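[1] I'll drop the sequence and a predicted model, then ask my questions.
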Amino acid sequence: MPPVGAKSLLLITGANTGLGFEVAKALFARPGPYHILIGCRGDVSRASDAISKLKHLSPSSASTAEPLSIDISSDESIAAAFEEVQERFRYIDVLINNAGADFDTAITSGRLTKREGWSQCWDVNVAGTHIVTETFAPLLLASKSRQSRLLFITSGLSSMSENASGASPRYALPPVGWPKPGNPFVYLAYRSSKSGLNMIATEWARVLRNDGVKVFNVSPGFLHTGLSTDRPTGEAKDTKAMGAVDPAIGAGFCVDVVEGKRDDQAWPPKVMRMNMVQPW
Ligand SMILES: NC(=O)c1ccc[n+]([C@@H]2O[C@H](COP(=O)([O-])OP(=O)(O)OC[C@H]3O[C@@H](n4cnc5c(N)ncnc54)[C@H](OP(=O)(O)O)[C@@H]3O)[C@@H](O)[C@H]2O)c1
């Protein structure tokens, strides 16, 4: 592995696929240069495959990457990842809290009980994300460039005021009593966890405000990724047919944030959509 040198050092959780991978891909295609820790839970061969793909897609890129094993639902895994990065580099410039998961699909299919699905959803999307941030915060504060940025990836579904205003899909239900036909809740475990994440991101912005770490809470749009695939069963929704767009679009937005093009929007805390502030 060549030395990181003057490259910006990033950690992206859940970067083996989906939006996280697309962010790495977009970074590889830009002048950078970056060294990217490709966070991946479980078997890191998936991160190694992702890195081969990055090199194949941008053969002349000045950026580099390496896999980092990190399961954000495991304190042991988070601690081991921290030890590795601390020992190797002693700092990071950018942390992208991208890893996230939907468990509503598994609840609806009956693979998980409601209790299991809700607990796992909040564990990954809220508690795990907060614990990763708290663990890696000292490395962000030690950023050599002092251009340190901390990103959270929230969701358009997290907006409580949009939901309350009736903008949410399937808002009005027929007055048929109980039970309602089908599932009356729209990704409720997931969307409520992302509303919870919005508070976490807001707190991190406040806590790090005077430490030179810029904190962003990014709502990347509805993207065609594996998010609503129930991983063990492989049951997937055709999100393209539902209007999801190429994740490269959301990734380009995230990379603009990484490269400082949105620095003026870091404070006060807000949820950033590509062209607007997302209502809380
Ligand atoms: N897709 C959208 O429309 C959309 C919209 C708004 C926000 N987001 C957010 O964007 C982020 C990326 O999601 P995506 O759409 O790219 O979905 P994805 O294709 O399912 O990718 C999610 C990534 O997170 C990883 N992950 C899940 N649980 C993890 C854990 N416990 N520890 C470490 N990594 C874990 C996954 O790993 P595995 O490959 O091992 O499962 C995968 O790498 C998420 O935070 C999601 O909520 C997505």
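    All right, it came through fine. In this text, all values refer to a predicted model and were calculated from it rather than measured experimentally. Numbers count the residues shown, from 1 in each chain.
[2] secondary structure element for R115?
    Taking DSSP states H and E as the definition, R115 sits inside helix 114-122.
[3] Keeping just the C-alphas, turn the next helix or strand after that helix into CSV.
    Counting by DSSP H and E, the next helix or strand C-terminal to helix 114-122 is helix 129-141. The C-alpha coordinates for helix 129-141 follow below in CSV (Å, rounded to 0.1, in the frame of the first residue of the first chain):
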residue,chain,number,x,y,z
THR,A,129,-24.2,5.5,13.9
HIS,A,130,-23.8,7.6,17.0
ILE,A,131,-21.3,5.1,18.6
VAL,A,132,-19.2,5.0,15.4
THR,A,133,-19.1,8.8,15.5
GLU,A,134,-18.2,9.0,19.1
THR,A,135,-15.5,6.4,18.7
PHE,A,136,-13.9,8.1,15.6
ALA,A,137,-14.4,11.7,16.8
PRO,A,138,-10.9,12.0,18.3
LEU,A,139,-9.4,11.0,14.9
LEU,A,140,-11.5,13.6,13.1
LEU,A,141,-10.3,16.2,15.6
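[4] Is helix 129-141 positioned near the ligand?
    No: Helix 129-141 lies out of reach of the ligand by CB under 6 Å from any ligand atom, never closer than 8.1 Å. To be clear about C-beta, it is placed using only N, CA and C from the backbone, and glycine gets the same treatment.
[5] Could you list the residues in contact with that helix?
    Applying CB atoms under 8 Å, 6 or more residues apart in numbering, the external contacts of helix 129-141 come out as 11, 13, 70, 72, 75, 78-79, 82, 85-86, 89-95, 97, 99-100, 148, 150, 152, 197, 200, 204, 208, 211-213.
[6] Just to be sure, which of the residues you listed are found in helices?
    Using DSSP state H, the subset of the contacts of helix 129-141 located in helices is 75, 78-79, 82, 85-86, 197, 200, 204, 208.
[7] Between which two of those is the distance greatest?
    Greatest spatial distance among the ones in helices among the contacts of helix 129-141 (CB to CB): Q86 and L197, at 25.2 Å.
[8] Of these two, which one has the most company?
    L197 (24 against 16; other CB atoms under 10 Å).
[9] And the pLDDT at the more buried one?
    With respect to pLDDT, L197 scores 98.
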